[in-house]
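Engineer: The following block contains a protein sequence and its predicted model.
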Amino acid sequence: MKTKFKPGKNIAIKVPPHQYEQTVSFYRDILGFEQISRGSPDPYASVTFKFGDKNLWIDSTASLSQAEIWLEILTDDIDQAAAFFEKASISRRDEIEPLPAGFNGFWISSPADIIHLVTKKK
(Lines give C-alpha, C1' and ligand atoms only; values in the text may rest on other atoms or scores of the structure.)
Protein backbone atom coordinates (compact mmCIF):
# COMPACT_ATOMS: atom_id res chain seq x y z
CA MET A 1 0.00 0.00 0.00
CA LYS A 2 1.35 3.44 -0.96
CA THR A 3 1.87 5.94 1.83
CA LYS A 4 -0.58 8.83 1.43
CA PHE A 5 -0.01 12.42 2.48
CA LYS A 6 -2.12 15.58 2.43
CA PRO A 7 -1.66 19.12 3.70
CA GLY A 8 -2.50 19.76 7.33
CA LYS A 9 -4.36 22.77 8.70
CA ASN A 10 -1.35 24.48 10.29
CA ILE A 11 1.29 26.82 8.91
CA ALA A 12 3.84 28.26 11.32
CA ILE A 13 6.03 31.29 10.86
CA LYS A 14 8.87 31.00 13.34
CA VAL A 15 10.43 34.41 13.97
CA PRO A 16 13.28 35.66 16.15
CA PRO A 17 12.11 37.55 19.25
CA HIS A 18 13.20 40.94 17.84
CA GLN A 19 10.74 40.49 14.93
CA TYR A 20 7.85 38.93 16.85
CA GLU A 21 5.73 41.98 17.84
CA GLN A 22 6.05 43.61 14.41
CA THR A 23 5.14 40.35 12.68
CA VAL A 24 2.06 39.84 14.88
CA SER A 25 1.06 43.46 14.29
CA PHE A 26 1.41 42.98 10.52
CA TYR A 27 -1.11 40.12 10.44
CA ARG A 28 -3.42 41.55 13.12
CA ASP A 29 -3.35 45.32 12.49
CA ILE A 30 -2.21 45.77 8.89
CA LEU A 31 -3.89 42.78 7.22
CA GLY A 32 -6.72 42.57 9.77
CA PHE A 33 -6.62 38.79 10.14
CA GLU A 34 -8.82 37.33 12.87
CA GLN A 35 -6.83 36.19 15.88
CA ILE A 36 -7.94 32.85 17.30
CA SER A 37 -7.03 31.14 20.53
CA ARG A 38 -4.54 28.32 20.49
CA GLY A 39 -5.35 24.86 21.73
CA SER A 40 -2.11 23.93 23.48
CA PRO A 41 0.32 25.86 25.66
CA ASP A 42 3.75 26.49 24.16
CA PRO A 43 6.97 27.32 25.98
CA TYR A 44 7.30 30.53 23.91
CA ALA A 45 5.17 33.45 22.74
CA SER A 46 2.69 32.32 20.09
CA VAL A 47 -0.34 33.85 18.36
CA THR A 48 -2.67 32.12 15.89
CA PHE A 49 -4.70 33.72 13.10
CA LYS A 50 -7.36 32.38 10.72
CA PHE A 51 -5.74 31.98 7.31
CA GLY A 52 -8.54 30.78 5.03
CA ASP A 53 -9.17 27.17 6.02
CA LYS A 54 -5.75 27.04 7.73
CA ASN A 55 -4.30 28.25 11.04
CA LEU A 56 -1.36 30.64 10.78
CA TRP A 57 0.84 30.45 13.86
CA ILE A 58 3.35 33.20 14.63
CA ASP A 59 5.89 31.81 17.12
CA SER A 60 8.71 33.71 18.79
CA THR A 61 11.70 31.37 18.65
CA ALA A 62 14.87 32.50 20.39
CA SER A 63 17.18 30.12 18.53
CA LEU A 64 16.50 31.71 15.12
CA SER A 65 18.29 34.59 13.42
CA GLN A 66 15.72 34.89 10.62
CA ALA A 67 12.13 33.82 9.98
CA GLU A 68 11.26 30.30 8.80
CA ILE A 69 8.06 28.77 7.43
CA TRP A 70 7.01 25.39 8.86
CA LEU A 71 4.25 23.23 7.36
CA GLU A 72 2.04 20.38 8.57
CA ILE A 73 1.61 17.14 6.59
CA LEU A 74 -1.04 14.55 7.46
CA THR A 75 -0.85 10.80 6.88
CA ASP A 76 -3.09 7.80 7.62
CA ASP A 77 -0.24 5.66 8.97
CA ILE A 78 2.52 7.42 10.92
CA ASP A 79 4.76 4.32 11.17
CA GLN A 80 4.49 3.63 7.46
CA ALA A 81 5.27 7.30 6.77
CA ALA A 82 8.38 7.15 8.97
CA ALA A 83 9.61 4.07 7.11
CA PHE A 84 8.81 5.69 3.76
CA PHE A 85 10.83 8.82 4.59
CA GLU A 86 13.75 6.78 5.90
CA LYS A 87 13.84 4.71 2.70
CA ALA A 88 13.71 7.95 0.65
CA SER A 89 16.62 9.42 2.69
CA ILE A 90 14.48 12.29 3.99
CA SER A 91 16.04 13.76 7.13
CA ARG A 92 14.20 13.31 10.43
CA ARG A 93 14.51 16.49 12.48
CA ASP A 94 13.05 15.49 15.84
CA GLU A 95 15.58 17.72 17.61
CA ILE A 96 14.10 20.86 16.02
CA GLU A 97 11.32 21.32 18.59
CA PRO A 98 10.00 19.04 21.34
CA LEU A 99 6.53 17.60 20.73
CA PRO A 100 4.05 17.05 23.57
CA ALA A 101 4.17 13.69 25.37
CA GLY A 102 2.05 11.16 23.54
CA PHE A 103 1.91 13.24 20.33
CA ASN A 104 1.69 10.96 17.30
CA GLY A 105 4.06 12.63 14.87
CA PHE A 106 7.58 13.72 14.03
CA TRP A 107 9.55 16.42 12.23
CA ILE A 108 11.22 16.13 8.81
CA SER A 109 13.11 18.53 6.57
CA SER A 110 12.58 18.94 2.84
CA PRO A 111 15.67 19.08 0.58
CA ALA A 112 15.35 22.91 0.79
CA ASP A 113 15.37 22.73 4.63
CA ILE A 114 11.68 23.57 5.05
CA ILE A 115 10.51 21.95 8.29
CA HIS A 116 7.40 19.75 8.14
CA LEU A 117 5.44 18.29 11.02
CA VAL A 118 4.21 14.85 9.95
CA THR A 119 1.26 13.72 12.01
CA LYS A 120 -1.57 11.22 11.89
CA LYS A 121 -4.75 12.38 10.20
CA LYS A 122 -7.58 12.65 12.72
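Structural biologist: Nice, I can see it.

Engineer: Retrieve the pLDDT associated with Glu35.
Structural biologist: Not quite, residue 35 is Gln, not Glu. For Gln35, the model assigns a pLDDT of 93.

Engineer: Just confirm it contacts Phe49, I think it does.
Structural biologist: Yes. Shown here, Gln35 and Phe49 form a contact pair, counting by C-beta atoms under 8 Å, at 5.6 Å. For the C-beta atoms, the positions are set from N, CA and C on the backbone; glycine is no exception.

Engineer: who touches both of the two?
Structural biologist: Arg28 (C-beta atoms under 8 Å, 6 or more residues apart in numbering).

Engineer: So which of these two has more stuff around it?
Structural biologist: Phe49 (19 against 14; other C-beta atoms under 10 Å).

Engineer: Who are the contact partners of that one?
Structural biologist: If a contact means C-beta under 8 Å, 6+ apart, then Phe49 has 27-28, 33-36, 55-56, 58 as its contacts.

Engineer: mind checking the SS state of it?
Structural biologist: Assigned state for Phe49: strand (three-state reduction, DSSP: H, G, I helix; E, B strand; the rest coil).

Engineer: now it: how far from Phe84?
Structural biologist: Taking C-beta to C-beta, to the nearest Å as the measure, Phe49 falls 32 Å from Phe84.

Engineer: try Phe103
Structural biologist: The span separating Phe103 from Phe84 equals 19 Å under the rule C-beta to C-beta.

Engineer: Tell me which of the two has more neighbours.
Structural biologist: Applying other C-beta under 10 Å to Phe103 and Phe84 shows that Phe84 carries more neighbours, namely 16 against 12.
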